[in-house]
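Dropping a prediction and its sequence here:
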Amino acid sequence: MSKDTKLPKNTDQLPVASKKEVADFLGKLATIPQGGGDARLIFALDATASRQPTWDMATQLQAEMFQVAQSLGGLQIQLCYFRGLGDFFHSNWHSSGDELLQKMLGIQCQAGATQLWRLLSHAMGENEKKKIKGVVFIGDAMEEMPDRLNQLAGKMGLLNVPLFMFQEHGDPVARRTFTELSRLSGGAYSQFDASSAAQLRELLQAVAVYAAGGLKALKDYSKSSGEAVKLLERQIKS
């Protein structure tokens, strides 16, 4: 993200594309070959206690994102989350949204500190095994050393593994760190709250479009989407 880019303080004030516009675009994009449906995307969540009030919303939005990915010709998704005292979980790679949804329904948030370093290290390891298209993260806090995280994000940028950091609420420490991580990795940052779920839904769908179809597909998608998606598209390193 360039220094001149200003992030919206309240994304629910931005216009959202109509359901018909999104459906029409996805219908067209679904006819384009997307490389055999082998694109891989990590979807990660902060499952510490502060996230409990909006956990159900995140679960529903993830399911909708996966449905969009399937309409694009398929996308392999791995679910990750951290919680409690050092509890870090990652699923196998799944092409079925139902399987991941069932896993998310079984998660209970637990008090604990953030483990972003562990998440980024895990993503780097997965990328060494087989190329991944990026990492989506939804969280509301950051309790680690930023320099340590920035080093990993910089390495991910060199490997073209962007971080899509979606921040719930407005904690300033998390905002600074999430913004820098997304910039260093060539990804994008956005902020949301419980009243702007529609914006987060559209942004997650945009990430699925990008992972499955690349930057060109995202540029096409952003033409019929709200301003939040256009901002995300402008942030991503071409």
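Received, thanks.

okay, CA-based contacts and neighbour counts for the rest of this
OK.

Just the helices from the chain, written as ranges.
19-29, 55-71, 97-105, 116-129, 146-158, 172-185, 197-223, 227-235 (DSSP state H).

Enumerate the positions of the longest one that are buried.
Residues 197-215, 217-219, 221-222 are the ones in helix 197-223 that count as buried (16 or more other Cα atoms under 10 Å).

who does the residue nearest to the spatial centre of the chain bridge with?
Residue closest to the mean C-alpha point of the chain, counted by Cα atoms, centre = their mean, is residue 136 at 2.4 Å. Residue 136 has the following beta-bridge partners by DSSP bridges: residue 43, residue 164.

Of the helices of the chain, which is nearest residue 38?
Smallest distance to residue 38 across these (Cα to Cα): 8.4 Å, for helix 197-223.

Please compute how far that closest one lies from its chain's middle.
Centroid displacement of helix 197-223 relative to its chain, using Cα atoms, centre = their mean, to the nearest Å, is 10 Å.

Now do it: which elements does it pack against?
For helix 197-223, the elements it packs on are helix 19-29, helix 55-71, helix 227-235, judged by 3 or more Cα pairs under 8 Å, 6 or more residues apart in numbering; DSSP states H and E.

make it 6 Å
helix 55-71, helix 227-235 (3 or more Cα pairs under 6 Å, 6 or more residues apart in numbering; DSSP states H and E).

who's in contact with stretch 107-124?
47, 48, 49, 52, 83, 84, 85, 143, 149 (Cα atoms under 6 Å, 6 or more residues apart in numbering).

And stretch 138-156, by the same measure?
45, 46, 114, 117, 166, 167, 168, 174, 181, 184, 185.

before we move on, what about stretch 171-183?
Residues from elsewhere that reach stretch 171-183 (Cα under 6 Å, 6+ apart): 1, 141, 142, 150, 153, 163, 165, 188, 189.

so what pLDDT did the first one get?
In this case it means residue 1. We have a pLDDT of 35 for residue 1.

doesn't residue 137 make contact with residue 42?
No. Using Cα atoms under 6 Å, residue 42 is not in contact with residue 137, being 8.3 Å away.

Please report how far residue 182 lies from residue 89.
Distance of residue 182 to residue 89, computed by Cα to Cα, to the nearest Å: 22 Å.
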